[in-house]
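Q: got a predicted model here, sequence first, then my questions.
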Amino acid sequence: MPARIATTQAPTAVGPYSQGVSTGEGPGSLVFISGQVPLDPATGTLVDGDVQVQAQRVLENVGAILAEAGLGYGDVVKTTVLLADIADFAAVNEVYARYFTGEILPARAAFGVAALPLGARVEIEAIAARP
């Protein structure tokens, strides 16, 4: 039975979706984390700063949802990175590499898109597996 994952340590959903959804509690069950944009969970506003500052906030938001599910970055098996400007790919990679450091790194896709919600420069979604 799917279960909603929600935490005040990440921004509330800005639409009709959940921060995360778990397929179960047992080993191998999956946690799907909705795309996170660089919103400050305390204020609900976009953080000031360049794409690296935004990427850090996004990954902190992802981490908060993972923690609420009892997981960490090492449990992530797949991410999707959306960039308002594909030229920011290397800068976001620098930040991303600080969070995903395990022996087995998640599979990933990265796309340049025309625009992101609220004028964000980066959005990241993730899928994690329970050990």
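A: The structure has been received and is ready for your questions.
Q: so who does the closest residue to Gly119 other than its chain neighbours touch?
A: Distance criterion C-beta to C-beta, 6 or more residues apart in numbering; nearest residue to Gly119, sequence neighbours excluded, is Leu46 at 6.5 Å. The way it works is simple: take the backbone N, C-alpha and C, and place the C-beta from them, glycine included. Applying C-beta atoms under 8 Å, 6 or more residues apart in numbering to Leu46 gives the contacts Val37, Pro38, Leu39, Asp40, Gln54, Leu118, Gly119, Ala120.
Q: same thing but 10 Å
A: Contact partners of Leu46, counting by C-beta atoms under 10 Å, 6 or more residues apart in numbering, are Pro11, Val37, Pro38, Leu39, Asp40, Gln54, Arg57, Pro117, Leu118, Gly119, Ala120, Arg121.
Q: wait, isn't the first one in contact with Val37?
A: Yes - contact criterion C-beta atoms under 10 Å: Pro11 and Val37 qualify, at 7.8 Å.
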